[in-house]
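Enquirer: everything below, folded, please.
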Amino acid sequence: MAWLVAIITLLSTIMYSVYLKGKLSQLPILFGLLTGYLAAAVIGFATGIPFITFNTIQSAGILSIPIFTFPTPSLAAVIAIMPIAIATIPESTAHVYQLDIYVNDLARRKGVKKKYDIESKLGLNLIGDGIGDIISGFIGGPAGTNYGENISAMAISKNFSIYVLMLAVIFTMVISCFTPLINIIYSIPTSVIGGLSIYLFGVIAAQGITIMMDRKVDMFSSKNLAVIAVILIVGLGGSFGFEGGMIPMFGTQLPAIATAAIVGILLNLMLSFENK
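Expert: From the prediction side, this is the model:
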């Protein structure tokens, strides 16, 4: 039944993204989520499976203010986070290039002559990432980065408005402070999120292909094939094959995604001497 809910969510989201027009075409993910939620409610009612529950966070009060804590300096923590910090740099770089391609393609389709120079803002993007992590870590929050799922949501909805993103941030912060709103969000069944994730994560991969097509990457080059192959297998294989995506190697455990990024960068450097 969970698969049925996930498939309904996935197919409805795809149908909405393809066939909705006008303003409604910006809301396929929301409509897909609501369709999946309704399907989970109906199937749950018919089968007795508790897909939807509203008591994830039990609190006597309505307010649920996040707990703020100051960091405790630790060499072990610094060593542990360094590879992840390196991994976010190529990730953020790809996202900036993706936005540049998608925004300018949308402008061209709408007959707008203006060229949106987004890729030149890469340095500011990385600085913003770093400052955001510093502030977040200083008050007890997690490290963050640009999320590919958000880029996918923008590519699917064709909505790249900065003001919409800022409003979404405000909504998220407000929701996180009120227990009833938090429980509504957590009541979304995992199978619904899973159905959406198939689409969103698939679009992330498609965006990578889009960059290579836009940049006319030579896929017959032995160098390019080697770099792409190693990154894919270390990143995907390491994430899938080992618990928590941690690859046991040389007496330690290395995060698959960060390792894939670092190995890919080093391998690319090793194979670039001929071009110099």
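
Enquirer: where does pLDDT dip in the stretch 1-150 of the chain?
Expert: Within the stretch 1-150 of the chain, the segments meeting pLDDT under 70 span 60.

Enquirer: just the helices from it, written as ranges.
Expert: For the stretch 1-150 of the chain, the helices defined by DSSP state H, counting those that start in this stretch cover 2-19, 28-47, 75-109, 122-138, 148-157.

Enquirer: let's have those in CSV, adding distance to residue 218.
Expert: (C-beta placed from N, C-alpha, C; glycine too.) Output for the helices of the stretch 1-150 of the chain, formatted as CSV (distance: least, C-beta to C-beta, whole Å):
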stretch, distance to residue 218
helix 2-19, 32
helix 28-47, 35
helix 75-109, 17
helix 122-138, 23
helix 148-157, 25
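
Enquirer: so which of these is nearest residue 248?
Expert: Closest to residue 248 of those is helix 75-109 (C-beta to C-beta; 14.9 Å).

Enquirer: and the angle for the closest one with helix 148-157?
Expert: Counting by axes from the mean of the first three to the mean of the last three C-alpha atoms, to 10 degrees, helix 75-109 points 10 degrees away from the direction of helix 148-157.

Enquirer: which secondary structure elements does helix 75-109 contact?
Expert: If contacts are counted by 3 or more C-beta pairs under 8 Å, 6 or more residues apart in numbering; DSSP states H and E, helix 75-109 sits against helix 122-138, helix 148-157, helix 190-214, strand 252-255, helix 256-270.

Enquirer: surely residue 61 is in contact with residue 179?
Expert: Yes. Counting by C-beta atoms under 8 Å, residue 61 does reach residue 179; the two are 6.9 Å apart.

Enquirer: just the C-alpha atoms of stretch 132-143, please, in PDB.
Expert: Only the C-alpha atoms of stretch 132-143 are listed here, as PDB (Å, rounded to 0.1, in the frame of the first residue of the first chain):
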ATOM      1  CA  GLY A 132      25.300  30.700   6.900                       C
ATOM      2  CA  ASP A 133      27.100  27.700   8.300                       C
ATOM      3  CA  ILE A 134      29.000  29.900  10.800                       C
ATOM      4  CA  ILE A 135      25.800  31.500  12.100                       C
ATOM      5  CA  SER A 136      24.000  28.200  12.100                       C
ATOM      6  CA  GLY A 137      26.800  26.400  14.000                       C
ATOM      7  CA  PHE A 138      27.200  29.200  16.500                       C
ATOM      8  CA  ILE A 139      23.600  28.800  17.700                       C
ATOM      9  CA  GLY A 140      23.400  25.000  17.600                       C
ATOM     10  CA  GLY A 141      22.100  24.400  14.100                       C
ATOM     11  CA  PRO A 142      23.300  22.000  11.500                       C
ATOM     12  CA  ALA A 143      25.600  22.700   8.600                       C
END
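
Enquirer: quick one on the thing from earlier: so between residue 61 and residue 179, which is more surrounded?
Expert: The neighbour comparison of residue 61 against residue 179 (other C-beta atoms under 10 Å) goes to residue 179, with 16 against 8.

Enquirer: contact partners for the more buried one?
Expert: Residues in contact with residue 179, defined by C-beta atoms under 8 Å, 6 or more residues apart in numbering, are 57, 59, 61-64.
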